[in-house]
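K.L.:
sequence plus the predicted model coming up.
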Amino acid sequence: MTKSQLITIKGTKDGLVLRLDDHCSFSDLLDELKEKVTGSVLEGVSEVQLHTGRRFCDEQDMKSILAIIHTSPNLRVSKVHSDVISLEACEKKLIEEQSETYVGIVRSGQVVRAQGDLVIIGDVNQSAQVIAGGSIYVLGRVKGIAHAGANGNKDAVIAASWLEATHLKIADKMEIMTDELTILSEQPEMECAYLHKNGQIAIDRLQELRHLRPNLATFKGGI
Amino acid sequence: MGEAIVITSGKGGVGKTTTSANLGTALALQGKKVCLIDTDIGLRNLDVILGLENRIIYDLVDVVEGRCKVHQALVKDKRFEDRLFLLPAAQTTDKSAVNPEQMKKLVLEMKMDYDYVLIDCPAGIEQGYKNAIAGADRAIVVTTPEISAVRDADRIIGLLEAEEGIEPPKLIINRIREGMMESGETLDINEITTHLSIDLLGIVMDDRNVISSSNKGEPVVMDPTHPAAIGYRNIARRILGESVPLMTMGKSKTGFFGKIKNIFGK
């Protein structure tokens, strides 16, 4: 019986694509991978894209695959592509991309939390807190505490009609609004707070948001 | 069946008890049958302001623990025939002597016999507050034009809004010093109402007569020449459903006392 190939290598304009069979046993796959890698004759360093198909590889599996490939000095994995993710990861992603809406005033001492983005239609009063895993958008005044990217998302922003917060937090960075920042906020312009490249929280006009965080937009296409 | 209204504020010293005493008196003056309940167990004051301290025999805790009947504990204010009663708080124990279920039952019972049951709430958001709001149908939040008082009012409003069975709370701004408000030293009425965004029930001027009359045991509202009395009387009329315009403050040249004369001239 001839052994069918478990690993196919293809050359594309983006480099080599290593397609791993997703039906065979994992140990067979590793064995053939070893063979292929040691048997390869390549000059220089080639970038390799890994396609695992419908095989679910956990961290440990992926480590063993990468370890084998990296035994060759000529190969470097640039990207791993998989057709499947775990249910857990999927649910987490769904929640993160969800947007929750709170209508009303968040009053002193109240805390409004969301796993993903948070939209508040109303004011956030002094000593009130709004906390979101994603970004926070407020149609109203933020006079209390706003914490965006609470799970560590540094790209999260806080946008409000009036940004007069006492404390702004993005990911693990906190900014106490000084007088200077408050004076800026008194301009009758809508503003957004984001984490600047220098690691500090910066405040800018809301109009700049599309340039600062182009990925926030989910609306694609159009003229 | 009457209505139970809780008077609360979060912060202490803004005039909850004074407001309770004066609104109760004002409603009695309007011919309504009113019962005031002091829920500030351990730190009771309402009896003093009404001048009924020496007539207390039983108190709220005696009633809920079944040591006496409700009517035995009620102190009648003789100035208003059969229209104003006080259920005093106990002074020798603390807030944990009563629980919200007992209060709910008690207030429901009282509503059968009275047009208005006014519940004077203690400061804070703990047990005493929970007892006070348990049986209430409506809530009045008292604040002063100070940031600290407004902050606490905001907190209380949040808690009241989360409570089922209580109508959206109404606001009283107490102890307004017109001069300071005009010069911007204190928050103005607009700032407070937009910040808290609840309906304004009325405003009460800061008035030295409030203190002197409280010390005498005669609520200030009984003498309609005092500025604070007008505020309280207007609020009482609004509680009864009348629409009374808000006292005007400020820019005209008549001055404060001139304006009060105007109000009476009408």
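P.N.:
Looks like it came in fine. Residues are numbered from 1 along each chain as shown, chains lettered A, B, ... in the order given.
K.L.:
where does the chain dip in pLDDT?
P.N.:
Answering for chain A, as no chain was given. A:1-4, A:179-188, A:220-223 (pLDDT under 70).
K.L.:
sorry, I should have been clearer: chain B.
P.N.:
B:249-266.
K.L.:
at which residues are the strands of it located?
P.N.:
B:3-8, B:34-38, B:75-76, B:84-87, B:116-120, B:138-143, B:170-176, B:200-205 (DSSP state E).
K.L.:
now do the residue nearest the centre of chain A against chain B, distance only.
P.N.:
With distances taken as C-alpha atoms, centre = their mean, residue A:153 lies nearest the centre of chain A, 6.7 Å away. Residue A:153 is 28 Å from chain B, where distance means C-beta to the nearest C-beta, to the nearest Å. All C-beta spots, glycine's among them, are computed from the backbone N, C-alpha and C.
K.L.:
would you agree that residue falls within a helix?
P.N.:
No - checked against DSSP: H, G, I helix; E, B strand; the rest coil, residue A:153 lies outside a helix; its state is coil.
K.L.:
return the backbone torsion pair for it.
P.N.:
phi -70, psi 110 (degrees, to the nearest 10).
K.L.:
I'd say it and residue A:132 touch.
P.N.:
No - in this structure residue A:153 lies outside contact range of residue A:132 using C-beta atoms under 8 Å: 9.2 Å.
K.L.:
so who does the closest residue to chain B within chain A touch?
P.N.:
At 3.2 Å from chain B, residue A:107 is the closest residue in chain A, using C-beta to the nearest C-beta. By C-beta atoms under 8 Å, 6 or more residues apart in numbering or on different chains, the contact list for residue A:107 reads A:125, A:128, B:154-155, B:157-158, B:161.
K.L.:
got TSV for these, with neighbour count and distance to residue A:30 too?
P.N.:
Output for the contacts of residue A:107, formatted as TSV (neighbours: other C-beta atoms under 10 Å in any protein chain shown; distance: C-beta to C-beta, whole Å):
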residue	neighbour count	distance to residue A:30
A:125	26	59
A:128	24	55
B:154	30	63
B:155	21	61
B:157	25	64
B:158	21	59
B:161	16	61
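K.L.:
list just the nearest of these to residue A:70.
P.N.:
Closest approach between the contacts of residue A:107 and residue A:70, by C-beta to C-beta: residue A:128, at 51.1 Å.
K.L.:
not counting its neighbours along the chain, what's nearest that closest one?
P.N.:
Nearest residue to residue A:128, sequence neighbours excluded (C-beta to C-beta, 6 or more residues apart in numbering or on different chains): residue A:144, at 3.8 Å.
K.L.:
doesn't residue A:130 make contact with the one you found?
P.N.:
Yes - with contact defined as C-beta under 8 Å, residue A:144 and residue A:130 form a contacting pair (7.4 Å).
K.L.:
who in the stretch 1-150 of chain B is up against chain A?
P.N.:
Residues of the stretch 1-150 of chain B found near chain A (C-beta under 8 Å from any C-beta of the partner chain): none.
K.L.:
and chain A, which of its residues are near chain B?
P.N.:
A:104-110, A:123, A:125-128.
K.L.:
buried subset of these, written for ChimeraX?
P.N.:
Written as a ChimeraX command, the selection of buried residues from those, which uses 16 or more other C-beta atoms under 10 Å in any protein chain shown, is:
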select /A:105,106,107,108,109,110,123,125,126,127,128
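K.L.:
which residues do residue A:144 and residue A:130 both contact?
P.N.:
Common neighbours of residue A:144 and residue A:130 (C-beta under 8 Å, 6+ apart) are A:106, A:124.
K.L.:
neighbours of residue B:150, how many?
P.N.:
25 (other C-beta atoms under 10 Å in any protein chain shown).
K.L.:
just the buried positions in stretch B:65-81, please.
P.N.:
B:70, B:73-75, B:77, B:80.
K.L.:
how about stretch B:177-185?
P.N.:
B:178, B:181.
K.L.:
stretch B:204-216 too?
P.N.:
Applying 16+ other C-beta under 10 Å to stretch B:204-216 flags B:204-207, B:210, B:213-214 as buried.
K.L.:
just stretch B:114-128 next, same as before
P.N.:
B:114-125, B:127-128.
K.L.:
what do you get for stretch A:190-207?
P.N.:
Applying 16+ other C-beta under 10 Å to stretch A:190-207 flags A:190-195, A:201-204, A:206 as buried.
K.L.:
closest to residue A:70 out of these?
P.N.:
The closest of those, once distances to residue A:70 are taken by C-beta to C-beta, is residue A:195, at 33.3 Å.
K.L.:
contacts only, for that closest one.
P.N.:
Contacts of residue A:195 by C-beta under 8 Å, 6+ apart are A:149, A:154-156, A:170-171, A:173, A:201-202.
K.L.:
derive a PyMOL selection command for the buried subset of these.
P.N.:
Here is the PyMOL command that selects only those of the contacts of residue A:195 that count as buried (16+ other C-beta under 10 Å):
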select buried, chain A and resi 149+155+156+170+171+201+202
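K.L.:
show only the entries of the contacts of residue A:195 found in helices.
P.N.:
Applying DSSP state H to the contacts of residue A:195, no entry is found in helices.
K.L.:
now render the contacts of residue A:195 as CSV, adding distance to residue A:139.
P.N.:
Converted to CSV, the contacts of residue A:195 look like this (distance: C-beta to C-beta, whole Å):
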residue, distance to residue A:139
A:149, 20
A:154, 24
A:155, 22
A:156, 18
A:170, 20
A:171, 24
A:173, 25
A:201, 21
A:202, 22
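K.L.:
which among the contacts of residue A:195 gets closest to residue A:54?
P.N.:
residue A:155 (30.4 Å).
K.L.:
how close does that closest one sit to residue A:145?
P.N.:
20 Å (C-beta to C-beta, to the nearest Å).
K.L.:
tell me how far residue B:116 lies from chain A.
P.N.:
Distance, residue B:116 to chain A, by C-beta to the nearest C-beta: 27 Å.
K.L.:
which residue, neighbours along the chain excluded, lies closest to that residue?
P.N.:
Per C-beta to C-beta, 6+ apart, closest to residue B:116 is residue B:34, 4.8 Å.
K.L.:
coming back round to it: now for the buried residues of stretch B:204-216: which two are most distant?
P.N.:
B:205 and B:214 (15.3 Å).
K.L.:
picking that back up, which among the buried residues of stretch B:114-128 gets closest to chain A?
P.N.:
residue B:125 (8.3 Å).
K.L.:
wait, that closest one sits on residue B:8?
P.N.:
No - Residue B:125 lies out of contact with residue B:8 (C-beta under 8 Å); the separation is 9.3 Å.
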